[in-house]
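S.K.: Just a sequence and a predicted model for now, questions to come.
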There are 2 protein chains.
Amino acid sequence: MSDTISEPTDLRGPEEHDIRGQIVVAAAEHFRRYGYYKTTVSDLARAIGFSKAYVYKFFASKQAIGEVICGQCLDRLMVEVKEAVHEAERPQEKIRRLFSTAAKAGLNLWFHDFKLYEIAASAATENWAPVGRYERQIEALIEEIVIAGRQSGAFERKTPLDETTRAINHALRPYMHPLLLEHNLDRADSAPLELASLVLRSLAP
Amino acid sequence: MSDTISEPTDLRGPEEHDIRGQIVVAAAEHFRRYGYYKTTVSDLARAIGFSKAYVYKFFASKQAIGEVICGQCLDRLMVEVKEAVHEAERPQEKIRRLFSTAAKAGLNLWFHDFKLYEIAASAATENWAPVGRYERQIEALIEEIVIAGRQSGAFERKTPLDETTRAINHALRPYMHPLLLEHNLDRADSAPLELASLVLRSLAP
C-alpha cells in the first residue's frame, strides 16, 4: 500500500459500504470521461486517491466495478420504463410507452448523456449478471401489460401468452440492446413507435 | 510490374472482364481463408500470382474488390429469398418464408459456410453500395407480398401501405443485418418465425 496516501484501515459494515460506494461513484465519473476499455484499476485508484491494493480489497477486478455501475444504470432505466408504462391507463398506450421509453432511455444512457456505451457493450458481450436481470424484468413487464390487456378485453387471447410475450420482446430488443441500438441509431426515433403500432395491430382482439 | 510474373497486357473488353472475374474469385477464396481485415492488396496479388500494380489496374482498392464479392453474395441471397417467397402460394406463407429464409441464408453466408462475416461487417458499417441495393430489394419484396395479400383479402387494408411495409422491415432487419444477427445468434432459430407470426397477427383483416 502506498504510504503517501492515507486510507482508512478499520473496515466495518457501514463504512465498508461507504467506501465501495465512493469507489463506484469515482469510477463511473472516470469511465464516462476516459472510457471503460482503456482505464486500468491503477488509473482508477490514482484518480480516486487510493492505492491499487486498497481498491482490490473491495473489488476483485475492473469488471466487478463495471458490473455495479451497469447494474445501477439498468435499475434507473427500469424505473424510468416502469414509471412511463404505469402512468398510462390503456393497455395500448402502455405498449407504446414501453417501446418509446426503453429506446429513448437506452439512447440517453449509452450514447448521449452518460456515455457509458463501453460498459454496456462489455456487459452485453460478456453477459454480465445485471443484463440478464434487466432482460427478465423487461419480459415480466411485457407479460404484465399483455395480461392486463387481455383481462380488460383490449387484447386478443388466442395466442399462447408466452409466445406473445416472447415475440414482443424480440421486436423490442433491437432498441434496448446497446450493441443492436448502435446499428439502429438512424432509425431509433421512428422505428420503436412503428414497431409498437405493429405489435398493437397484432394484439387486436 | 514484377518481371517474374507473366501477365497479359493487351486488355480488351471480354478479356478484361475475365481477369476482373479471376481476381474476384481468388480474392473471395483468400478472404474466406485468411479474413478480409488483415489481407492487403499485396497479399492478394501474391496469392493470385499477379503483381500488386496489375491488380490495381482493375480495382482501385481492397474495398472495391470487397464490394464486388459482397454484391455477388447479396445477389445470391436475394435469389434464395425470392425463390422461397415465390414458391409459396398463400400470402401468409410468403411472410413466414421471408423471415425464415432471410435469417437462414444470412447465417449461412456470414457465419457458417462462407465465413464472409468480415466483408459483411465492413459493408454494413461503411454502407457499401450493394447493401443499400439489397435493402431496397427486400423492402420492395415486402411491399409486393403485402399488396398481394391485401388484394386477395388475406391482409387488412386500413394501415397505410408504406407504414406496414416499414414496420415489417424493422421487425425483419435484426435477422438480416450481419452486425445485428451477430448478437442474435442464440435466438436466430426461433425468433424469426415467432416474429413472422406476430407480423401475421398484425396483418389479419
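M.R.: Cool, got the structure.

S.K.: Which secondary structure element is home to the residue most central in space within chain A?
M.R.: Centroid-nearest residue in chain A, with CA atoms, centre = their mean: A:Leu74, separated by 2.5 Å. Using DSSP states H and E, A:Leu74 sits in helix A:62-87.

S.K.: Show me what from chain A comes close to chain B.
M.R.: Chain A has residues A:124, A:156, A:159, A:163-164, A:166-168, A:170-171, A:173-174, A:177, A:179-180, A:183-184, A:187, A:191, A:194-195, A:197-199, A:201-204 near chain B, with proximity defined as CB under 8 Å from any CB of the partner chain. The way it works is simple: take the backbone N, C-alpha and C, and place the C-beta from them, glycine included.

S.K.: Please check those residues and keep the buried ones.
M.R.: For the residues of chain A next to chain B, a neighbour count by 16 or more other CB atoms under 10 Å in any protein chain shown gives the buried set as A:124, A:156, A:159, A:164, A:166-168, A:170-171, A:173-174, A:177, A:179-180, A:183-184, A:187, A:191, A:194-195, A:197-199, A:201-203.

S.K.: for the helix or strand of chain A with the lowest mean pLDDT, packing partners?
M.R.: Sorting the helices and strands of chain A by mean pLDDT, DSSP states H and E puts helix A:178-181 at the bottom, at a mean of 80. If you count contacts as 3 or more CB pairs under 8 Å, 6 or more residues apart in numbering or on different chains; DSSP states H and E, helix A:178-181 packs onto helix A:91-110, helix A:117-125.

S.K.: Buried by neighbour count: which residues of whichever helix or strand comes after the last one qualify?
M.R.: So the one you mean is helix A:117-125. As assigned by DSSP H and E, the chain's next helix or strand after helix A:117-125 is helix A:129-151. Within helix A:129-151, the residues scored as buried using 16+ other CB under 10 Å are A:130-131, A:134-135, A:137-139, A:141-143, A:145-146, A:149-150.

S.K.: Determine which two of these are furthest apart.
M.R.: Within those, A:Pro130 and A:Arg150 form the most distant pair, 30.4 Å apart (CB to CB).

S.K.: confidence score at A:Gly66?
M.R.: We note a pLDDT of 93 for A:Gly66 in this prediction.

S.K.: A:Gln72 versus that one, what's the distance?
M.R.: 11 Å (CB to CB, to the nearest Å).

S.K.: quick one: which of these two has more around it?
M.R.: A:Gly66 (26 against 14; other CB atoms under 10 Å in any protein chain shown).

S.K.: my read: that one touches A:Ile119, true?
M.R.: Yes: using CB atoms under 8 Å, A:Gly66 makes contact with A:Ile119 at a distance of 5.1 Å.

S.K.: ok so, going back, in helices, which of the residues of chain A next to chain B fall?
M.R.: Among the residues of chain A next to chain B, the residues falling in helices (DSSP state H) are A:124, A:163-164, A:166-168, A:170-171, A:179-180, A:191, A:194-195, A:197-199, A:201-203.

S.K.: neighbours of A:Phe58, just the number please.
M.R.: Around A:Phe58 there are 18 residues (other CB under 10 Å).

S.K.: so what's the residue nearest to the centre of chain A closest to, chain neighbours aside?
M.R.: Nearest residue to A:Leu74, sequence neighbours excluded (CB to CB, 6 or more residues apart in numbering or on different chains): A:Tyr134, at 4.3 Å.

S.K.: Check A:Leu98 too.
M.R.: Nearest non-adjacent residue to A:Leu98 (CB to CB, 6+ apart): A:Val85, at 5.4 Å.

S.K.: again with A:Arg96
M.R.: Distances taken as CB to CB, 6+ apart place A:Ala196 nearest to A:Arg96, at 4.7 Å, with adjacent residues excluded.
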